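# Could you look at this predicted model? Sequence included:
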Amino acid sequence: MKELRDRVAVITGAAGGIGMASARALSRRGAHVVAVDHAATPELAADLSSHGARAVAHVADVSRPDVFEAVRDRALDEFGRVDIVMNNVGVLTNGLPEDIPAAEWQRILDINLMSVVRSNEVFVPLLLSQGEGHIVNTSSVAGLFTYSYDRTPYAATKAAIVHLTEALAIYLRPKNIGVTLLCPGPVLTNIANDIPSFGPGAPLRLPFDEFELLDPADVGEMVAEAILANRFFLPTHPAVLDLLRRRVEDWDGFIEYQISRKPKT
């Protein structure tokens, strides 16, 4: 995608954090935005529109099986097309592996993973029919390697998104549809607010010291530039590359090193 002016982007989780920052970055480049969130408000649309292009806010619970048909229809009614789809919603939960119940696993799967599956079901055929477009799926460094056992459902869904997104790239790139896998490290968002905790809870284990806390606005700029460059792998922290090499060279040793690290609170 060589330019973003007058393109139309659908972004889930757009009311804050990386989603809002990406919406702003795209809007500044002239893209119109359908901002999807359970907390989407007219004020959100006004904020995004102030950055240079039109935006509409669409209230939706992405864990519902039928929600993306309505999102698609809203986008087509407002703008006549969809060019970019960013599946960005993600929620956390906390607990030791033996304490997180299957019902909580199902909740996390429905929001983090199945929302992407359902989005693909609706938007991939639309992009194929247009013969162009771009998909951005937000995973996490937690989906690339394991640094914690206190949020296993979250990490498992993010790892699944890595594989799902790579498969999409293999399929869609030859059909003129770009695919980007966004893998943020620590970013200053509200995802950690009000995390449900099970059992006695588990100490919060964070990524390595090399991972500085980023401003969401910086990540939004990375997303916009990745779409323009048709870039697949977008880690926000380059240090993850050395860690991935370290793990593949000595996975047992990497696990022992992880065990030796002290949880941070």
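Cool, got the structure. Numbering: from 1, shown residues only.

# give me every residue that touches residue 246.
By Cβ atoms under 8 Å, 6 or more residues apart in numbering, residue 246 lies in contact with residue 254. The C-beta positions use only the backbone N, C-alpha and C, and glycine is treated the same way.

# for stretch 252-262, which positions count as buried?
254, 258 (16 or more other Cβ atoms under 10 Å).

# Can you pull the phi/psi pair for the closest residue to residue 4 other than its chain neighbours?
In this structure, residue 4 finds its nearest non-sequential neighbour in residue 29, 4.0 Å apart by Cβ to Cβ, 6 or more residues apart in numbering. Here is the backbone geometry of residue 29 (degrees, to the nearest 10): phi -90, psi 10.

# what residues are up against residue 29?
Contacts of residue 29 (Cβ under 8 Å, 6+ apart): 3, 4, 5, 52, 224.

# pLDDT score assigned to the fourth one?
In this case it means residue 52. Residue 52 is assigned 75 on the pLDDT scale.

# pretty sure it contacts residue 27?
Yes. Between residue 52 and residue 27 a contact is recorded at 5.4 Å, counting by Cβ atoms under 8 Å.

# Comparing these two, which residue is more hemmed in?
residue 27 (25 against 16; other Cβ atoms under 10 Å).

# surely the more buried one meets residue 47?
No. Using Cβ under 8 Å, residue 27 makes no contact with residue 47, being 9.2 Å away.

# any chance you could map the strands in the stretch 101-250 of the chain?
Ranges of strands in the stretch 101-250 of the chain, per DSSP state E, counting those that start in this stretch, are 133-138, 177-183, 233-235.

# Tell me which of the ones you listed is the most buried.
A comparison of those by mean neighbour count, using mean count of other Cβ atoms under 10 Å, puts strand 133-138 on top with a mean of 25.

# How many residues are close by the nearest residue to residue 90 once chain neighbours are set aside?
With Cβ to Cβ, 6+ apart as the criterion, residue 90 has its nearest non-adjacent residue at 5.2 Å, and that residue is residue 112. For residue 112, the neighbour count with other Cβ under 10 Å is 28.

# Check for me that residue 61 belongs to a helix.
No. Going by DSSP: H, G, I helix; E, B strand; the rest coil, the assignment for residue 61 is coil, not a helix.
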